[in-house]
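# Got a predicted structure here, sequence first:
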Amino acid sequence: MTLVELKEGDRARIVRVTGEEAVKRHLGALGFVAGTVVRVVGESYGNMILAVHESRIAVNDATAMNVEVQNV
Amino acid sequence: MSKSVKIALAGNPNSGKTTLFNALTGSEQYVGNWPGVTVEKKDGILVGHKEVVIQDLPGIYSLSPYSIEEKVSRRFLVEEGPDAILNIVDGTNIERNLYFSTQLAELGLPMVMAVNMMDVVKKNGDKIDFEKIARALRCEVVGISALKNEGGMEAAEKVVEMAKKSVVEKGPGKLPDVPHVFSGSVEHAIAHIEESIQGKVPLRSIRWYAIKVFERDREIIKTLDISVGEMKHIEEHIRDCEKELGDDAESIITSQRYDFIKRLMDKSLALNEKRKDKATLSDKVDKVVTHRILALPIFILSLCAMWFLAVAENGPGTMLTDWANDGFLADGWHLPFTMHECREDGKYKGMEFEDAQGEFAKAEATVAAWEAGEKKASIEDEDTGEIAEEWDIDEAAYNAAKEFEEPDPGQFGVWVPGLGALITGALERAGVSDTVKSLVVDGAWGGVATVLGFVPVIFIVFLFLAFLEDCGYMARVAFIMDRLLRRFGLSGKSFIPMLIGKGCGVPAVMAARAIENERARRMTVILATFVPCGAKTVIIAMFAALFFREQWYIAAMMDVVGIAIIILGGIALKKTRFFAGEASSFVLELPAYHMPTISGVWHHTWNRLKGYILKAGFVIFPACVFLWFIMHFDWALNLLADEEIEKSILHDLGSWIAWIFEPLGFGSWQGAAASVSAEIAKEQATATLKLVTVGMEGVSSGAHIQNFFASISAFPKLAALSFMMFNLFVPPCMVAIAVTFREMGSQKWGWFAVGFQLFVGYVLALSVYQLGVLIAGGGFGFWTAVAILVDLAVIWAIVRPARKGGK
């Protein structure tokens, strides 16, 4: 499943990040790498705010769909 | 004096880098651009160390080529090579921040890591073991709190000491001790790459280069000149690693970096367990601020607050503007709290200054009218040119009026002379001729003063936006607006330039730099200046008062038209081959909400405002002198009186191009002259219009303008509307156009932007006039047909199906 399917308060472990090279690279720098656990802090119409490490990262649905996750 | 020492200040966005930079360099800062790109470059001299230059790199997350900022930073770090690096790290989010630090460490330069926000770390009950981090990353680590001004200077002094020592001891040629963070097979491949690139790169940064080659970083490989055979050999090693680890090379590097940091954190970071996964105050605020229903109303409310502060009647912005226009830049002003009634004997005794001035203005008007043989006298409103008051006069009134002397402001309180009065006074004392006086006062100073008169409004808009940006709310706005703006090919980050555009288009266009996606950035530059800026509101105010008293909605509609152009223009552009493409991704860190510092907000505001004020000096000043010249002279260079403007050079220039404006309803030399001079600065449209219509019938300049439009069109209101919209929606003033060219990145794209804006302004004015005339019963002509055809083409460009590959 991908990030979009998560609900507010859900936690999940990242399996893989796909999509455009540059965006993938940027997400990687922000901590979106396989193994990292993220938590959904807020969600609105498919756009979400995620807790990654100690920071809050906002992504839109197009980006969220490129992040594959699994339940922790 | 010893050789200067260059220290690069590097760190993630929101790590407190700017605060630290300001604290370290005080007021000795030099802002410029990095060569060839539009990224701000800031240098400063370390306080108390004349020989040390601190170079503030853009806030970035990595040294991979994701954004322009990242490319600029890494080019600087690996090619120019500072003497040492001061890496600022957010202690409350150290794991993520160290990702960048590990890359910096690989450059092999002396480095001090300043772990910022230690006050918060302590308050949270977390513990960080600096020793272990220092050993793992082969650098010095110190704790600081930039906000409280603690430890920053010590960190800077330490890095300076390291830089000086490394110059003496090592020189750049020796292999430095850098951290090895990757697993066995990856390290093996990197060792091989290091071997094959030896001699091609500075030895101290060889490891950094080798890792980039492993990542298949094209930009770096291009510069290294590796032979085909060797490259093939390297590629084999990379493939082996990819096969073994089941991922692509770049992802392997990224995740192993994080693995290394994770292991390091397990040893050196003790997080307060009680805080784990608990919603922070910031999260709770975001629950409300980014709420699916509440988000938009809250945002609109904050915009209303800005509108009130900047432009509402009796709001602080209006009060400051009045002070600037009527006091500071004009005759002068009374110090607050010193004003009192006139205590002297005579005409004005017991009167307030404003009433006395009003009396005097009426007396002057009475004298002038009686001497001209009139039976009525009147005063006109300065802003709109309309008759404000009218009264009957007779000989008795004339004689009484002659008695009045101009009130002396010094009798009403402590009077501070304004710049206008000072300049006029100085010229009179110097005994210059009337021509020179007119040139300086009306030509040069008049133009500059108009521009400076907008400073209060623009200052308040920028101050408010700087506050919203620095406290963290603007990042949320970008997030909220992304869903909407994405449909028009823009990004959520496009909204901030548009907000700034309400104040001034120049910093608005520059603010588009923050958008990483090139298509969205270019589109934002093209569209942001359609938001009517501060100067354009002057045009709107004048026309609303002169022509649309009953149509009160016209003024407000102009903002709506601006927004509509942005939306429809975005939709149409997105369907062209230049802007077609995948829906752009949106990734943005939301910093925790915090109270901005006064100095931070001030720096932010001033940097934007400075550009606007400089524009008055370097562009408006010479342009206004030129305009004054062609208005006051004929081709034989004879000086003309105000009434002789029809003999002026401006008249002829306007006549030559008047045909262009014929289909728009204002094809006369006056309309052409006003529209072209508006490209100097938008508000010039109204000033020029007043001057070029002097010959028209009417008792006030407002009436002149009304009669002018009546004289050129059977539908003066439509012609006026067309004139106003043309000037609002064609390319902005020439300073903004220059910035647009720079930000679009090439001449070709610059012309594309300006061409698009010209097209929009012209077609809009054409349609409003021609279709308006048709509806008003003015008949169907050639240009009506043209307008309808062009409009159909525009509608098609908006509604046609998207190209393949577009979403």
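Received the coordinates, thanks.
# For residue B:181, which non-adjacent residue is spatially closest?
Nearest non-adjacent residue to residue B:181, counting by CB to CB, 6 or more residues apart in numbering or on different chains: residue B:260, 3.7 Å away. C-beta coordinates here come from the backbone N, C-alpha and C atoms, glycine included.
# Pull out the buried positions in the helix or strand in which residue B:769 is found.
Element membership of residue B:769, judged by DSSP states H and E, is helix B:747-775. If you call a residue buried by 16 or more other CB atoms under 10 Å in any protein chain shown, then helix B:747-775 has these buried ones: B:749-750, B:752-754, B:756-757, B:760-770, B:772-773.
# what's the angle between the helix or strand that comes right after that helix and helix B:747-775?
Next helix or strand after helix B:747-775 toward the C-terminus (DSSP H and E): helix B:782-799. Angle between the axes of helix B:782-799 and helix B:747-775 is 120 degrees (criterion: axes from the mean of the first three to the mean of the last three CA atoms, to 10 degrees).
# So for helix B:782-799, mean pLDDT?
When pLDDT is averaged over helix B:782-799, the result is 94.
# For residue B:295, give me its contacts.
Residue B:295 makes contact with A:44, B:289, B:476, B:480, according to CB atoms under 8 Å, 6 or more residues apart in numbering or on different chains.
# make it 7 Å
B:289, B:480 (CB atoms under 7 Å, 6 or more residues apart in numbering or on different chains).
# what pLDDT does it get?
Confidence score, pLDDT, at residue B:295: 90.
# show me the biggest helix of chain A in terms of residues.
helix A:21-29 (DSSP state H).
# any idea where the helices of chain A begin and end?
Counting by DSSP H, the helices of chain A are A:21-29, A:61-64.
# Any part of the first one near chain B?
Meaning helix A:21-29. Yes: counting by CB under 7 Å from any CB of the partner chain, chain B is contacted by helix A:21-29 at A:22-23, A:25-29.
# Please pick the buried ones from those residues.
A:23, A:25-29.
# so which of those would you say is closest to residue B:452?
The nearest member of those to residue B:452, counting by CB to CB, is residue A:26 at 41.9 Å.
# Check the gap between that closest one and residue A:20 for me.
9 Å (CB to CB, to the nearest Å).
# next one: residue B:381
To residue A:20, residue B:381 is 57 Å away according to CB to CB.
# ok, and residue B:7, which helix or strand is that part of?
Counting by DSSP H and E, residue B:7 is part of strand B:5-11.
# And for residue B:579?
Applying DSSP H and E, one finds residue B:579 in no helix or strand.
# can you count the residues close to it?
Around residue B:579 there are 19 other residues, counting by other CB atoms under 10 Å in any protein chain shown.
# Contact residues of chain A facing chain B?
A:20, A:22-23, A:25-31, A:33-36, A:39, A:41-42, A:44-45, A:47, A:49, A:53-60, A:62-63.
# Produce a PyMOL select command limited to the buried residues of those.
Buried subset of the residues of chain A next to chain B, written as a PyMOL selection, criterion 16+ other CB under 10 Å:
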select buried, chain A and resi 20+23+25+26+27+28+29+30+31+33+34+36+39+41+42+44+47+49+53+54+55+56+57+58+59+60+62+63
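# circling back to that earlier point, quickly note the distance from the residue nearest to residue B:181 to residue A:67.
Where residue A:67 is concerned, residue B:260 sits at a distance of 22 Å (CB to CB).
# Averaged pLDDT, the longest helix of chain A. What do you get?
Mean per-residue pLDDT for helix A:21-29: 90.
# and what of stretch B:111-120?
Average pLDDT, stretch B:111-120: 94.
# With stretch B:208-226 instead?
Model confidence over stretch B:208-226, given as mean pLDDT, is 90.
# and it, anywhere near chain A?
No: applying CB under 7 Å from any CB, one finds stretch B:208-226 separated from chain A by no less than 9.1 Å.
# what's the spacing between that stretch and its chain's center?
With CA atoms, centre = their mean, to the nearest Å as the basis, stretch B:208-226 stands 36 Å off its chain's centre.
# List of residues touching it?
With contacts defined as CB under 7 Å, 6+ apart, stretch B:208-226 is touched by B:65, B:78, B:106-107, B:189-190, B:193-194, B:196-197, B:200-201, B:234, B:238, B:249-250, B:253.
# cutoff 8 Å now
Contacts with stretch B:208-226, where a contact means CB under 8 Å, 6+ apart, come from B:63-65, B:71, B:78, B:103, B:106-108, B:186, B:189-191, B:193-194, B:196-197, B:200-201, B:231, B:234, B:238, B:241, B:249-250, B:253.
# Tell me the buried residues within those.
Looks like the contacts of stretch B:208-226 have B:63-65, B:71, B:78, B:103, B:106-108, B:186, B:189-190, B:193-194, B:196-197, B:201, B:234, B:238, B:241, B:249-250, B:253 buried, using 16+ other CB under 10 Å.
# Which of these fall in strands?
Assigned to strands by DSSP state E, none of the buried ones among the contacts of stretch B:208-226 qualify.
# follow-up on the earlier one: what would the residues of helix A:21-29 next to chain B look like in JSON lines with distance to residue B:464?
Formatted as JSON lines, those follow (distance: CB to CB, whole Å):
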{"residue": "A:22", "distance to residue B:464": "33"}
{"residue": "A:23", "distance to residue B:464": "32"}
{"residue": "A:25", "distance to residue B:464": "35"}
{"residue": "A:26", "distance to residue B:464": "30"}
{"residue": "A:27", "distance to residue B:464": "32"}
{"residue": "A:28", "distance to residue B:464": "36"}
{"residue": "A:29", "distance to residue B:464": "32"}
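# closest to residue B:627 among those?
residue A:22 (47.0 Å).
# I'd say residue B:698 and residue B:711 touch.
No: contact criterion CB atoms under 8 Å: residue B:698 and residue B:711 do not qualify, at 10.8 Å.
# out of those two, which sits in the busier spot?
Legend: neighbour count by other CB under 10 Å for residue B:698 and residue B:711, higher for residue B:698 (17 against 14).
# Is that one located within a helix, as I assumed?
No: with DSSP: H, G, I helix; E, B strand; the rest coil as the criterion, residue B:698 is coil rather than part of a helix.
# got a list of what it touches?
B:704, B:706-707 are the contacts of residue B:698 under CB under 8 Å, 6+ apart.
# Chain A next: which of those are close?
Counting by CB under 8 Å from any CB of the partner chain, nothing from these sits close to chain A.
# okay, these in a markdown table with secondary structure and pLDDT next?
Converted to a markdown table, the contacts of residue B:698 look like this (DSSP: H, G, I helix; E, B strand; the rest coil; pLDDT from 0 to 100):
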| residue | secondary structure | pLDDT |
| --- | --- | --- |
| B:704 | helix | 87 |
| B:706 | helix | 91 |
| B:707 | helix | 91 |
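# burial count for the closest residue to residue B:344 other than its chain neighbours?
With sequence-adjacent residues excluded and distances taken as CB to CB, 6+ apart, residue B:344 is closest to residue B:411, at 5.1 Å. The number of residues packed near residue B:411 is 18, by other CB under 10 Å.
# my read: residue B:411 touches residue B:343, true?
Yes: with contact defined as CB under 8 Å, residue B:411 reaches residue B:343; the gap is 6.9 Å.
# Give me the common contacts of these two.
With CB under 8 Å, 6+ apart, residue B:411 and residue B:343 have no common neighbours.
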